[in-house]
Every structure is written in C-alpha cells, then in structure tokens.
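[1] Model the following, please.
(one chain, ligands or ions: 2)
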Amino acid sequence: MKDSIFVISGSSGSGKTSVLSMVNNIGDRIVTSTTRDKRDGEVDGIDYYFLDKDEFLSRDFVEYDTKYNNYYGTEVDEVSLKTSNGCAYVILTHQGYIDFKKCYGSRVVGIFIHTKKDDIVKMLKNRKEDNIDGRMLNYDYDLRTMVDYDYVVANSFGDMQTTIKEIERIVEIERAQ
Ligand SMILES: Nc1nc2c(ncn2[C@@H]2O[C@H](COP(=O)(O)OP(=O)(O)O)[C@@H](O)[C@H]2O)c(=O)[nH]1
Ligand SMILES: Nc1ncnc2c1ncn2[C@@H]1O[C@H](COP(=O)(O)OP(=O)(O)O)[C@@H](O)[C@H]1O
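    Ligands and ions are numbered 1, 2, ... in the order given. Here you go, the predicted model:
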C-alpha cells in the first residue's frame with residue numbers, strides 16, 4: 001500500500017478547505033503556515049499556523065509561495081510529523097504542488113477541485129469574503145494549470161456530498177496501489 005500525500009489545489013473559494021475537512025480516510029491534514037490575517041472562526045494550528053513575517057522567514061520550509069501579498073509555506077517538521085502515520089493531505093498553490101512532486105515524487109497525488117465561476121462567487125459570498133473580485137483574479141490562470149493534476153473533481157454549488165464521495169473514491173483507488 002502506498003502512503004500517498006494528496007495535494008489539493010483549486011481556485012480561491014472553490015471549496016477545498018470545507019470539502020476536504022469532511023473526506024474520510026485521506027489521513028492527517030498537513031497544516032501550513034501563513035502570514036495572512038486569521039478569518040473569523042479560523043483556529044491557529046488547525047486552519048493554519050498564523051505567523052508574522054519575521055517569524056515566518058525564520059522557519060524551515062519544504063516549499064513556500066506568495067499569494068495575495070502573503071506568504072504560505074509547508075514546514076519541514078509538520079510534513080514529517082503528518083506523513084509518519086501513512087497518508088496525509090495538504091492544500092497548496094500550483095507552484096507548491098510542483099515543488100512537492102520534486103520532493104516526494106510518486107507519493108504525491110494531485111487533485112484539482114474545479115468549480116464554475118458563478119458557483120465560486122456564490123461560495124465566496126457564503127464565506128462572507130470581503131474581496132471577492134481580488135480572489136477571482138487568478139481564476140483563469142488556475143484553470144490552465146488543471147491539466148497537471150492526476151484527478152480533477154467538480155464541486156457544484158449545493159452538492160458538496162458528490163464531491164466528497166468522488167474524493168473518497170480516489171483515495172480508495174490510490175490506497176489500493
Ligand atoms: N504553496 C503553498 N500554497 C499554500 C500553502 N498554504 C496554503 N496555500 C494556498 O494559498 C492559497 C490562499 O489560501 P487562503 O488565504 O486560505 O485563501 P483561499 O484559497 O481564498 O481560501 C490557496 O490557494 C492555498 O491552496 C502552502 O503552505 N504552500
Ligand atoms: N458544494 C458547495 N456548495 C455550497 N457551498 C459550498 C460548497 N463547497 C464549499 N462551499 C462553501 O463555500 C465557501 C468557500 O469554501 P472554502 O472551503 O473556504 O474554499 P477554499 O478553501 O477553496 O477557498 C465556504 O463557505 C464553504 O462552506
């Protein structure tokens with residue numbers, strides 16, 4: 001059985017965080033670190049490790065990237081810890097996915113969550129996102145990176161259960177290898 005590292009990518013608001021938190025058997029979440037402000041309801045150490053810029057830059061990362069003028073990175077110790085029990089998953093930008101593939105090779109399984117533009121706007125409104133236009137700026141670029149992933153899963157507004165089941169099926173296939 002392969003101890004996969006599932007890397008999840010997709011546009012802002014496509015549903016990655018909420019969907020993945022409900023997927024069974026995908027393993028522990030590799031919690032990443034960021035310099036962005038905490039949103040209402042987010043918890044340090046669960047959603048992200050929230051760090052200021054100086055603290056962030058002093059840490060040891062497998063990879064890091066910048067988005068929306070903030071840093072996001074996966075710390076070496078966090079990856080070692082969460083992958084030590086078998087499968088794990090992490091939500092990354094496309095660049096982070098490419099870097100993970102360089103580091104961990106065939107253990108990495110890339111899943112792109114695809115959500116239509118109209119649905120993303122509804123989802124971002126749901127999240128009470130105050131900068132919807134800003135979050136949509138990378139949508140077309142993100143879509144062009146979709147071909148690099150092993151799997152593409154649609155997440156339609158109002159049908160999260162289908163998305164969850166589809167990802168659980170992928171996990172089952174990958175775990176069987
Ligand atoms: N490369 C990389 N990307 C990350 C990391 N942590 C989060 N991201 C990505 O950063 C982007 C922005 O995340 P966030 O601020 O939570 O905004 P959201 O996507 O709008 O919910 C998302 O595309 C995440 O996939 C990381 O450690 N490394
Ligand atoms: N299929 C869906 N139908 C309706 N709302 C959804 C669906 N998937 C996610 N959401 C909601 O959309 C919002 C954005 O999802 P989120 O997980 O924060 O996206 P991301 O992590 O990709 O930025 C959240 O309020 C979430 O509960």
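[2] how about stretch 153-171 against ligand 1, any contact?
    No - using Cβ under 6 Å from any ligand atom as the criterion, no contacts between stretch 153-171 and ligand 1 are found, and the smallest distance is 13.0 Å. Every C-beta, even on glycine, is put in place using the N, C-alpha and C of the backbone.
[3] mind listing the strands for the protein?
    5-10, 28-29, 33-34, 49-50, 61-67, 70-75, 88-91, 108-114, 151-154 (DSSP state E).
[4] Nearest to residue 124, out of the ones you listed?
    Distances from residue 124 to each of those were compared using Cβ to Cβ; the shortest belongs to strand 5-10, at 12.9 Å.
[5] For that closest one, list the C-alpha coordinates in CSV.
    What follows is the C-alpha trace of strand 5-10 in CSV, where atoms were taken according to Å, rounded to 0.1, in the frame of the first residue of the first chain:
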residue,chain,number,x,y,z
ILE,A,5,0.5,12.6,0.0
PHE,A,6,-2.7,14.1,-1.5
VAL,A,7,-2.1,17.6,-2.7
ILE,A,8,-5.3,19.6,-3.2
SER,A,9,-5.4,22.7,-5.4
GLY,A,10,-8.1,24.9,-6.9
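[6] contacts for it?
    Contact with strand 5-10 is made by 16, 20, 26-27, 30, 83, 87-94, 96-97, 100, 104, 107-115, 142, 145, 149, 155, 171, 174, as judged by Cβ atoms under 8 Å, 6 or more residues apart in numbering.
[7] Residue 33 contacts residue 73, correct?
    Yes - taking contacts as Cβ atoms under 8 Å, residue 33 lies within contact range of residue 73: 5.3 Å.
[8] Just the buried residues of the longest helix along the chain, please?
    Scanning the chain for the helix with the most residues, using DSSP state H, yields helix 160-175. Judged by neighbour count using 16 or more other Cβ atoms under 10 Å, the buried positions of helix 160-175 are 163-164, 166-167, 170-171, 174-175.
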